[in-house]
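1. Kindly generate the corresponding structure for this input.
(2 chains)
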Amino acid sequence: MEYNYAFLILLLPFLSFLVLGLVGMKMKRPVAALIGTVLMGCVFAMSVYTAYEYFFAVGRDASTGMYPTVTVFNFTWLKFTELLTFNIGFRLSPISVLMLIVITTVSFMVHIYSFGYMAERDENYKVEEYEKGMQRFYAYLSLFTMSMLGLVVATNIFQMYLFWELVGVCSYLLIGFYYPKHAAVHASKKAFIVTRFADLFFLIGILFYSFYVGTFNYDLNAQPELNSALAGAAWVMPTALFLMFIGGAGKSAMFPLHIWLPDAMEGPTPVSALIHAATMVVAGVYQVASLFPIWVQYAPETLHYVAYIAAFTAFYAAAVACCQRDIKRGLAFSTISQIAYMLVALGVCFAVDNHHGGLGYMAGIFHLFTHAMFKALLFLCSGAIIVIIGSNFKEYMGGLHKYMPITNICFLIGCLAIAGIPPFAGFWSKDEIISACFQFSPFMGWFMTVVAGMTAFYMFRLYYVIFWGQSYYELDPENRRKPQEVPFVMWGPLVFLAIISCLCGLIPFGHFVSATGQSYDIHIDMSVATTSVIVAIIGIGLATYMYAPKKTPLADALAKKMPKLHKAALNRFYIDDAWQFFTHKIVFGLFSKPIAWFDRRVIDGTFNFMAWGAQEAGETIRPWQSGDVRSYAIWFLTGTVALTLCLLALL
Amino acid sequence: MNLSIFVIVPLLMLLGLWLARNDKQVRGVMVAGASVLLALSIYLVFAFLEARETMPADQAPMLFTYPCVPWFEPLHINYSLGVDGISVVMILLTSIIVFTGTFASWQMEPMKKEYFLWFTLLSIGVYGFFISIDMFTMFMFYEVALIPMYLLIGVWGSGAKEYSAMKLTLMLMGGSALLIIGILGIYFYSGAQTFEILDIAHHTNGAHAIPESVQNVFFPLLFIGFGILGALFPFHTWSPDGHASAPTAVSMLHAGVLMKLGGYGCFRIAMFLLPAATHGFWIKVFLVLTTISIVYGALSACVQTDLKYINAYSSVSHCGMVLFALCMMTETAATGAILQMLSHGLMTALFFAVIGMIYHQAGTRDVRYLGGLMKIIPFLSVGYAVAGLANLGLPGFSGFVAEMTIFVGSFQNADTFHRVCTIIACTSIVVTAVYILRCVGKILYQKVPNPKLEKLHDATWDERIAVAGLIACVAGLGMFPLWAEKIIMDAVGPIFSVIM
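-> Predicted coordinates for the structure are as follows:
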């Protein structure tokens, strides 16, 4: 199979970006949206076809039992040295094909959904004309999709870095989409700078890696001499890989670099669904997965640090998610927690083996897949609610199940999926992750099980405060807008994603992706499964008990009883403030301002002083040459006399 | 191809300008001349590539050398010309900037004619510098490029223009004084009886090498002399004031091209002719100074409030990157340095063009008084945003290509000291993002702070040509960098075979 059309997968979204970006403002808004959506549909179709070809029509290599890695094209973009070339290409491997499916599915749904969302929003919020900019929105979405696809099909780590930066800037542009809003601008800036800070480490990691390994490629099997070259410098690989992981931790919002993601919710909700839930934020996971064989071979110890960091992040984010008022921020913390699950799964691996030690690889990617579907679903549902209610805050919601039945069901499916209730998607992947954790250490296994319970709790808390409880509208029906169901163009994608979320857990995932590449049948470890389901049900039960009634005395009482803890959790444990202190007080206050002062006063002062000195010297000497003949005569005379006297004295 | 044409065409432009009667004719002469120069430069690139094909790869690719015309016999000063890959791309850059600069100063008032006369004279100096291979001729053209700057800033500038013009000229003249000592030093100690760079390099390669102790005396003089123009810390202070006061197109030409003379000279004269000194003590000193330049410029830019100051400090940082890469002493890094010269020239010209246009409209460049421009003047705002993103090294624009080549190249030097410097220099990519986004967020986004700003007009057609042309170049180089890199690397290789 040739996959000759593959370049179109990257080219079409880029064309869409160019067209919409250059002449979009002259088009009618539906036309612009249609162009973006149709082209995205083509890309979606091509990706599905590619996946079909890759997994089924061509299938496994008969001798190795693995899906072959296909490089469709790969050209030199930049040549650094004879050895190091910066290639841009298109590479199909099981995980990249899978990511193609994830990205194009979610992106296509978001393209459709956004049409309704943006129109509804423009209507409900009474925004000014320039804020609407649907053309701009679709242009950015297309650019993002192109960049994200380029990232996952990268043939080498530098190409990944290139597209990595591009998705970063798309995220920046989309978070700041409502640019007259101060909060949006601030959030976009924060997102870009925090991830850029992390990317610095990524870049340094690439530099180390490329220098010692002599290539940017993922595949090291081509260089058997490498082992001896690295033997002398055992620190190199773990350092390089961990530095690269820091870059991934920035994008995937691992503690303490997670601070940008909750603020990123200032962007339009479809964007949150696409970029900040399903695709871009899992780039870090994808990066670790792409380098997985290298990690396991050269830096197994360091890989476990990834697991520890991620496990802490999972717990931290789940704790914060339990008391967010803004539903999107609640979902954002949930995303952080779930991505951390994937990284834990990758981090607990210690061997390239399907059953023991390498199960986490399959589990992590599986969770990435299922999570993308149900988290996109949850975000799109929340977008539907927000656009109808006109606010992000839970106080304005409540009792919506009567008014928005379809959204209600879809959201519930998403909640069940993320909570890990069988047979919904999340159960299957999370169960594999927890099994992998138990293989690593019992502590890790129990820890992640507890976090799974917390997940169930905070998701159902969210569900109850939105759809049940006291309705905000009914408190004052005269003056308040009556909530209603969203139009088909919005609920269509919701239903589609809900169906996928119900079913995709049943995919025999191990047949497509596994640590060794060979086929693997998922076994459900009954003890693990039962425990995690029981914990999840406890979480749901607790949430039902606390939040399902119209009034929530217990929750309020708890918050009152532990005001400090509640406040700390609400303020995300002050991590943001710590960073704020770091940037403003330390970097700006201790470096930038003194340097600027030094430059103007000391360095410039020195040169000005020299100029002043020259001028003063000139001023002092100038009167000597006065042009006054009489004073010349006096000097002349005095000089002559003095010289004569000297001569006489000498003689 | 006779390279003298790059001096003759501007001379004809001077004649045309002198004869021109009204604004229309002045503009006509400028556009015609600038277009011819641009066309010639593009032709030069193709002609160069074609001629290069037929040459053996190991031969020093100095092409189109002009039979040297003796100029001042007793001192063996000749008018000799020649270009290699580096000069070719620099000439192309100059033509792009002159072309777009012409459009950017379309509405220059008052004394349009005189303004363009000096502007053209400045470009003669730059072209002459890039096509000469005789050190003395180069030096002469260098001086020709510096003097018009004084008048252009002093007469047509803004703010404290007399002070800035004087400061800039004096500091650069101070650099020239060091240069002439260095050039004469090479002339007398090489014993080659010529000022011609290639002949000196040929002569001193081997037994007649200049003694290392002598090289160590003249190398810092030349490096600092050129470094002043390349905004080497701590001799960069002319740059913020000078750029802030200069009129738009002059800032473009100055930051875009003139500052590149510094890096070009450092490489072509200081490092090429004094190879032993590049392995000595001084190069380490300059490595430290350039590393400071990079971080220092970026951090200073974070707290400035004048848009031009921000960009001037950003230029200090980015030009510091050029000299930094040269000090790294690897072929890839040097290629990156030249790419960075090209890329920074285009980016910063775009930046200054847009800032100048915003200033022309709004009457202020203070970020605290601007805001919400995206809504009022979308074209210029997008131009500013693109310039900003290119500056912070976004892939797809030229900055990324140049910076990555520099970083990868620098990392090839396995020495720990060099490596630490590289990592410190890398941090600038974060700081750059901070000051760029701070500006973009403040002046383009958010609410309009001042109702007076609501009345601004978006770019006129001439301004649009300048901005769109530069964006196209920045994006073109950023997306298809290989051709430029090949041309440059081809020229860097032979020079490095002498240095190493």
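
2. give me the low-pLDDT residue ranges for chain A?
-> A:1, A:122-132, A:221-232, A:550-557, A:559, A:569, A:572 (pLDDT under 70).

3. Ignore what I typed, I meant chain B.
-> Looking along chain B with the criterion set at pLDDT under 70, you get B:56-67.

4. And the residue nearest the centre of it?
-> Against the mean C-alpha coordinate of chain B, by Cα atoms, centre = their mean, the closest residue is residue B:260 at 2.7 Å.

5. Once you drop chain neighbours, what's closest to that residue?
-> Leaving out its chain neighbours, the residue that sits closest to residue B:260 by Cβ to Cβ, 6 or more residues apart in numbering or on different chains is residue B:341, at 4.5 Å. Quick note: C-beta positions are derived from backbone N, CA and C, even for glycine.

6. elements contacting the helix or strand hosting residue B:33?
-> Per DSSP states H and E, residue B:33 falls inside helix B:23-53. On a contact count with 3 or more Cβ pairs under 8 Å, 6 or more residues apart in numbering or on different chains; DSSP states H and E, helix B:23-53 meets helix B:5-19, helix B:85-104, helix B:112-131, helix B:482-499.

7. Of all the ones you listed, which one comes closest to residue B:367?
-> helix B:85-104 (21.4 Å; Cβ to Cβ).

8. what about residue 174, how many residues close to it?
-> Using chain A. Residues near residue A:174, counting by other Cβ atoms under 10 Å in any protein chain shown, number 28.

9. Let me rephrase: I mean chain B.
-> When neighbours are counted by other Cβ under 10 Å, residue B:174 registers 17.

10. Could you double-check that it sits in contact with residue B:224?
-> No: contact criterion Cβ atoms under 8 Å: residue B:174 and residue B:224 do not qualify, at 9.5 Å.

11. List the residues that contact the residue lying closest to residue B:48 once chain neighbours are set aside.
-> In space, not counting the residues next to it along the chain, residue B:48 is nearest to residue B:88; the distance is 4.9 Å by Cβ to Cβ, 6+ apart. Residue B:88 is in contact with B:44, B:45, B:48, B:487, counting by Cβ atoms under 8 Å, 6 or more residues apart in numbering or on different chains.

12. Show me which positions of the helix holding residue B:33 end up buried.
-> Buried residues in helix B:23-53, counted by 16 or more other Cβ atoms under 10 Å in any protein chain shown: B:26-27, B:29-31, B:33-34, B:36-38, B:40-41, B:44-45, B:47-48, B:52.

13. what helix or strand does the nearest residue to residue A:524 once chain neighbours are set aside sit in?
-> For residue A:524, ignoring the flanking residues on the chain, the nearest one in space by Cβ to Cβ, 6+ apart is residue A:431 at 6.3 Å. If you go by DSSP H and E, residue A:431 is part of helix A:425-440.

14. Output the contacting helices and strands for that helix.
-> By 3+ Cβ pairs under 8 Å, 6+ apart, helix A:425-440 packs against helix A:327-347, helix A:359-389, helix A:405-419, helix A:442-467, helix A:488-503, helix A:526-547.

15. just to revisit the earlier point, tell me the angle of the helix holding residue B:33 relative to helix B:482-499?
-> Angle of helix B:23-53 versus helix B:482-499, following axes from the mean of the first three to the mean of the last three Cα atoms, to 10 degrees, is 60 degrees.

16. The residue nearest to residue B:260 touches residue B:321, doesn't it?
-> No: counting by Cβ under 8 Å, residue B:341 does not reach residue B:321; the two are 9.6 Å apart.

17. what does the stretch 51-200 of chain B have sitting close to chain A?
-> B:167, B:170, B:171 (Cβ under 8 Å from any Cβ of the partner chain).

18. The first one: which element?
-> Just to be clear, that refers to residue B:167. Assigned by DSSP H and E, residue B:167 falls in helix B:161-190.

19. Please enumerate the helices of the stretch 301-450 of chain B.
-> All helices of the stretch 301-450 of chain B, identified by DSSP state H, counting those that start in this stretch, fall at B:307-327, B:331-362, B:373-376, B:378-391, B:398-411, B:416-426, B:428-439.

20. Could you check the angle the fourth one makes with helix B:307-327?
-> For the pair helix B:378-391 and helix B:307-327, the angle between their directions (the same axes, to 10 degrees) equals 30 degrees.

21. Mind checking if helix B:378-391 is in reach of chain A?
-> Yes: contact of helix B:378-391 with chain A (Cβ under 8 Å from any Cβ) involves residue B:389.

22. I'd like to know which elements the next helix-or-strand element following the helix holding residue B:167 is packed against.
-> Next helix or strand after helix B:161-190 toward the C-terminus (DSSP H and E): helix B:197-204. Helices and strands touching helix B:197-204, by 3+ Cβ pairs under 8 Å, 6+ apart, are helix B:161-190, helix B:272-273.

23. make it 10 Å
-> helix B:135-156, helix B:161-190, helix B:272-273, helix B:482-499 (3 or more Cβ pairs under 10 Å, 6 or more residues apart in numbering or on different chains; DSSP states H and E).

24. Run the chain-centre distance for it.
-> Offset of helix B:197-204 from its chain centre (Cα atoms, centre = their mean, to the nearest Å): 26 Å.

25. swap in stretch A:167-175?
-> 10 Å.

26. ok, now stretch A:408-418?
-> Offset of stretch A:408-418 from its chain centre (Cα atoms, centre = their mean): 23 Å.

27. can you pull the alpha-carbon coordinates of the helix or strand hosting the residue nearest to the centre of chain B into PDB?
-> Assessed by DSSP H and E, residue B:260 sits inside helix B:259-265. Provided in PDB are the C-alpha atoms of helix B:259-265 (Å, rounded to 0.1, in the frame of the first residue of the first chain):
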ATOM      1  CA  MET B 259      23.900  45.800  11.800                       C
ATOM      2  CA  LYS B 260      24.600  42.800   9.700                       C
ATOM      3  CA  LEU B 261      27.800  44.500   8.400                       C
ATOM      4  CA  GLY B 262      29.100  43.800  11.900                       C
ATOM      5  CA  GLY B 263      28.600  40.100  11.800                       C
ATOM      6  CA  TYR B 264      29.700  39.900   8.200                       C
ATOM      7  CA  GLY B 265      32.900  41.700   9.000                       C
END
